[in-house]
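**Q** take a look and give me a structure for this.
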Amino acid sequence: MNNYRLLIQYDGTDYAGWQIQNETRTIQQTITDSIETVAKEKVNLIGSGRTDTGVHALGQVANFRIDVELDLYKFRHSLNSILPKDISVLSIGKVNENFHARFDARKRTYIYIISKYKSPFFRRYSYNYHTELNLTQLNSLSQLFIGVKDYTSFSKKNDDIDNRLCEVFNAEWYEKDDLIVFEISANRFLHGMVRTITGTILKASEIQNSKEYIEKIFSEMNRESAPMAVPANGLFLFKVQY
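**A** All right, here's what the predicted structure looks like:
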């Protein structure tokens, strides 16, 4: 059995997230259908993680196993020719048969983009946040998320998940031209976690006793304790490391 690894980019605006769902358009289903059309064989496409509705990806990784040996250049060209314009396969390579895009991933990195002003060119891919931001303060608050912590208060309720411990390796804010970027890396992310963390840090930056405010949200272990999540359009799965 041949195992192939894909590096994928997509604009998630018009999709109900990565994961296949009944009667709705998803990234996973769209790519799976295209692979099966080109390869003429059923496949199980496995992604490194499930991006939510409206979330984008610059470096999603996926794999699938298939009986036939593929001509990689020809296959990628054929695949991209039938995929919609908002999805692109950047590369494809043959990997060890045991490689699993989700379970073998050691670090996932997301970025959240904030635009400093209203722009018709940024509207699909950033959050136009009206308050002036202090990067020194934001980076100080972000340090409260580093390490192994329980993220119950920062993720959507899901009865299928017993363990909500995640290890965050890095969380930092930086400026790039007319944009402000929040970059966060962890071993895993829960449903809605990055958007809620981002919203919490932004809210905390506007109030007094901001560190105590964040620590209290962690301790209450209740999603209703955290502020509203920021919009999905500013969030990108940046890269996955193995």
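**Q** number of nearby residues for R50?
**A** R50 has 17 neighbours, counted by other C-beta atoms under 10 Å. From N, CA and C alone the C-beta is placed, and that goes for glycine too.
**Q** what sits against it?
**A** R50 makes contacts with 17-19, 191, as judged by C-beta atoms under 8 Å, 6 or more residues apart in numbering.
**Q** which of those residues sit farthest apart?
**A** Greatest spatial distance in the contacts of R50: W18 and H191, 11.5 Å, computed using C-beta to C-beta.
**Q** neighbour-wise, which of the two wins?
**A** Higher neighbour count among W18 and H191: W18, with 27 against 14, using other C-beta under 10 Å.
**Q** for the more buried one, give me the pLDDT.
**A** Turning to W18, the model gives it a pLDDT of 97.
**Q** please parse this protein into its domains.
**A** 2-95, 107-241 (automatic domain parsing).
**Q** shaky segments in the chain?
**A** Scanning the chain for pLDDT under 70 picks out 159-160.
**Q** where exactly do the strands run in this structure?
**A** Using DSSP state E, the strands of the chain run over residues 2-10, 46-47, 56-66, 87-95, 107-115, 127-128, 147-150, 165-176, 179-186, 235-241.
**Q** could I get the ones you listed as CSV with distance to E212?
**A** Output for those, formatted as CSV (distance: least, C-beta to C-beta, whole Å):
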stretch, distance to E212
strand 2-10, 39
strand 46-47, 38
strand 56-66, 34
strand 87-95, 44
strand 107-115, 24
strand 127-128, 26
strand 147-150, 16
strand 165-176, 18
strand 179-186, 21
strand 235-241, 27
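**Q** export the ones you listed to CSV and tack on distance to T198 and mean neighbour count?
**A** Listed next are the strands of the chain as CSV, based on distance: least, C-beta to C-beta, whole Å; neighbours: other C-beta atoms under 10 Å:
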stretch, distance to T198, mean neighbour count
strand 2-10, 20, 19
strand 46-47, 22, 21
strand 56-66, 15, 22
strand 87-95, 25, 16
strand 107-115, 5, 21
strand 127-128, 8, 18
strand 147-150, 16, 13
strand 165-176, 10, 16
strand 179-186, 6, 20
strand 235-241, 8, 22
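**Q** out of those, nearest to S225?
**A** With distances scored as C-beta to C-beta, the stretch of these nearest to S225 is strand 147-150 (12.5 Å).
**Q** what pairs with the closest one, and is each one parallel or antiparallel?
**A** Looking at strand 147-150 with DSSP bridges, its partner strands are strand 165-176 (antiparallel).
**Q** quick one: contacts of the partner strand?
**A** Contact with strand 165-176 is made by 107, 109, 133, 135, 138-139, 142-143, 145-151, 180-190, 193, 197, as judged by C-beta under 8 Å, 6+ apart.
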